[in-house]
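Undergrad: got a sequence here, can you build the structure:
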Amino acid sequence: MAWGKQATNGSRSAQRKRHFTAPSHVRAKLMSARLSKELRDKHKRTALPVQKDDEVAIVRGSFKGREGKVVQCVRRKFVLHIERINREKANGSTVHVGIHPSNVNIIKLRMDNDRKRLLDPENAPPKKSKAAQKAWEDDPNNWRTSKKGNKVLRPRPGHIGDDIEPSAAPSDAPSKMQE
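TA: Numbers count the residues shown, from 1 in each chain. Below you'll find the predicted structure:
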């Protein structure tokens, strides 16, 4: 099964199957956590995938209010192991307690080259403007006829031309939809 951007089944069981059988690179994105208020203001992002050595604050659960550095991200179990968040087993040894990423806020990021590239404003997707969307919809070349004969708008490939003004849209282009 392909894991790219595609239409997904709306049924609950199909969504659960996709979630729990997701490959590791998809689980990395699923294991995202919200950023603290300061990081949100600084990086203009709401959430990021959690990585080892990020510092997090637990905001829900029995360990609420505690902070620590992420020791390990266990993608197979969808949990984070955080330093000083332990429990004692019956035989006396201590083990890390798994915390789901949705229950933490990232308070300090470990910046590596991939993170810097991800947070770089030059790599951000282009802003969607209503004028560019209207210009796209008004262009007769962007419409196709479905098998049932309905007029369907083609998808916008990569939002190219978002900076086009509506006046620059081709208004006198011959319509392929006229029959």
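Undergrad: kindly list the longest strand within this protein.
TA: Determined from DSSP state E, the single longest strand within the chain is strand 79-88.
Undergrad: helices or strands up against that one?
TA: For strand 79-88, the packing partners by 3 or more CB pairs under 8 Å, 6 or more residues apart in numbering; DSSP states H and E come out as strand 55-58, strand 67-74, strand 94-99. Just so you know, the C-beta spots here come from the backbone N, C-alpha and C atoms, and that holds for glycine as well.
Undergrad: any idea which of these is most buried?
TA: Stretch with highest mean neighbour count among the helices and strands packed on strand 79-88: strand 55-58 (a mean of 20; mean count of other CB atoms under 10 Å).
Undergrad: residue contacts, the residue nearest the centre of the chain?
TA: Central residue of the chain (CA atoms, centre = their mean): residue 29, 6.4 Å from the mean position. By CB atoms under 8 Å, 6 or more residues apart in numbering, residue 29 lies in contact with residue 49.
Undergrad: for residue 144, give me the pLDDT.
TA: Residue 144 is assigned a pLDDT of 75 by the prediction.
Undergrad: dig out what it forms beta bridges with.
TA: Following DSSP bridges, residue 144 is listed with bridge partners residue 152.
Undergrad: so it versus residue 53, what's the distance?
TA: Distance of residue 144 to residue 53, computed by CB to CB, to the nearest Å: 49 Å.
Undergrad: cool, and residue 72?
TA: 10 Å.
Undergrad: isn't residue 9 right next to residue 17, touching?
TA: No: using CB atoms under 8 Å as the test, residue 9 is too far from residue 17 to be in contact (9.1 Å).
Undergrad: higher neighbour count, those two?
TA: Ranked by neighbour count (other CB atoms under 10 Å), residue 9 and residue 17 place residue 17 first, with 13 against 10.
Undergrad: the more buried one belongs to a strand, doesn't it?
TA: No: counting by DSSP: H, G, I helix; E, B strand; the rest coil, residue 17 is not part of a strand but helix.
Undergrad: got a pLDDT number for it?
TA: For residue 17, the predicted pLDDT is 93.
Undergrad: can you check residue 164 too?
TA: Model confidence at residue 164 (pLDDT) stands at 48.
Undergrad: look at residue 132 and say how many residues are nearby.
TA: Neighbours around residue 132, by other CB under 10 Å: 22.
Undergrad: so it: helix, strand or coil?
TA: Per three-state DSSP, residue 132 ends up helix.
Undergrad: where's it relative to residue 142, distance?
TA: The value you get for residue 132 to residue 142, if CB to CB is used, is 12 Å.
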